[in-house]
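# A predicted structure for the sequence below; I have some questions about it.
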Amino acid sequence: GENVEQHPSTLSVQEGDSAVIKCTYSDSASNYFPWYKQELGKRPQLIIDIRSNVGEKKDQRIAVTLNKTAKHFSLHITETQPEDSAVYFCAASYNNNDMRFGAGTRLTVKP
Amino acid sequence: EAQVTQNPRYLITVTGKKLTVTCSQNMNHEYMSWYRQDPGLGLRQIYYSMNVEVTDKGDVPEGYKVSRKEKRNFPLILESPSPNQTSLYFCASKDSGTGWDTQYFGPGTRLTVL
């Protein structure tokens, strides 16, 4: 089955800096890669996703890149703000069904 | 308001006492799923359902049962809970079992098994 590894487990940046979180997956059949943000005590919420037919997707300060050959994908957050502080999860699946998540990255943005 | 609801939100129980965590969505979604969240392990899928009467095992189905008799409800059943099932549980739903729709999560149920 699919195995997703996520790094780093914790990340601390200064406000205004960029943050990058990386994930690798094992199943070459996976074709959908969402990223979720979970604030303390809250439910996970989708922030961006990418399908395997696209190499990069951007939404304002957030971007995701996908390298199918190397089986890794990354989340990039630019101009970080304190409200970006949260736990971020990557995930991989085939057709958005049998979802496998990474272990999460706790991002802290220091004002 | 479109939402996924779970009950109870918090539950403390003892080993072996059967329990059910309910999940309901009011968005007429076909797909529903259960996850458990444990520190350092992220979210792990327990079971999912593509539609009424269709359920499939996720990554960690052992010790759990589900049923999908109607579209809006997807209860999670622990027939004989054990302490290693102490966890935070999330139900989720999305429009289609075959589409690229956004998955919406419920508020979570924190279960403690003593």
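Great, that's in hand.

# quick one, strands of chain A?
Ranges of strands within chain A are A:4-7, A:10-14, A:19-25, A:32-38, A:45-51, A:56-59, A:62-67, A:72-77, A:86-92, A:100-101, A:105-110, based on DSSP state E.

# The fifth one and chain B, any residue contact?
Yes: residues of strand A:45-51 are located near chain B by Cβ under 8 Å from any Cβ of the partner chain, namely A:45, A:46, A:49, A:51. Bear in mind the C-beta positions are built from the backbone N, C-alpha and C, glycine included.

# May I have the beta-bridge partners of the third one?
Taking DSSP bridges as the rule, residue A:49 bridges to residue A:34.

# What is the neighbour count of it?
Around residue A:49 there are 19 other residues, counting by other Cβ atoms under 10 Å in any protein chain shown.

# That one touches residue A:66, doesn't it?
No: here residue A:49 does not reach residue A:66: they are 10.3 Å apart, not a contact under Cβ atoms under 8 Å.

# which residues are in contact with both of these two?
Both residue A:49 and residue A:66 are contacted by residue A:33, under the criterion Cβ atoms under 8 Å, 6 or more residues apart in numbering or on different chains.

# a helix runs through residue B:84, doesn't it?
Yes: with DSSP: H, G, I helix; E, B strand; the rest coil as the criterion, residue B:84 is part of a helix.

# and the gap between it and residue B:110?
Taking Cβ to Cβ, to the nearest Å as the measure, residue B:84 falls 15 Å from residue B:110.

# higher neighbour count, those two?
Shown here are residue B:84 and residue B:110; by other Cβ under 10 Å, residue B:110 has more neighbours (14 against 10).

# so, in contact with chain A or not, the helix or strand containing the more buried one?
For residue B:110, the host element (DSSP states H and E) is strand B:109-113. No: counting by Cβ under 8 Å from any Cβ, chain A has no neighbours in strand B:109-113; the shortest distance is 10.1 Å.

# Paired strands for that strand, with orientation please.
Assessed with DSSP bridges, strand B:109-113 is paired to strand B:10-13 (parallel), strand B:87-94 (antiparallel).

# what's the burial count for residue A:69?
Applying other Cβ under 10 Å, I find that residue A:69 has 7 neighbouring residues.

# mind checking how far it is from chain B?
Applying Cβ to the nearest Cβ, to the nearest Å, the value for residue A:69 to chain B is 22 Å.

# what's that residue sitting at in phi/psi?
Dihedral pair for residue A:69: phi -60, psi -50, per degrees, to the nearest 10.

# Dig out what residue A:45 forms beta bridges with.
Where residue A:45 sits in a bridge, its partners, by DSSP bridges, are residue A:37.
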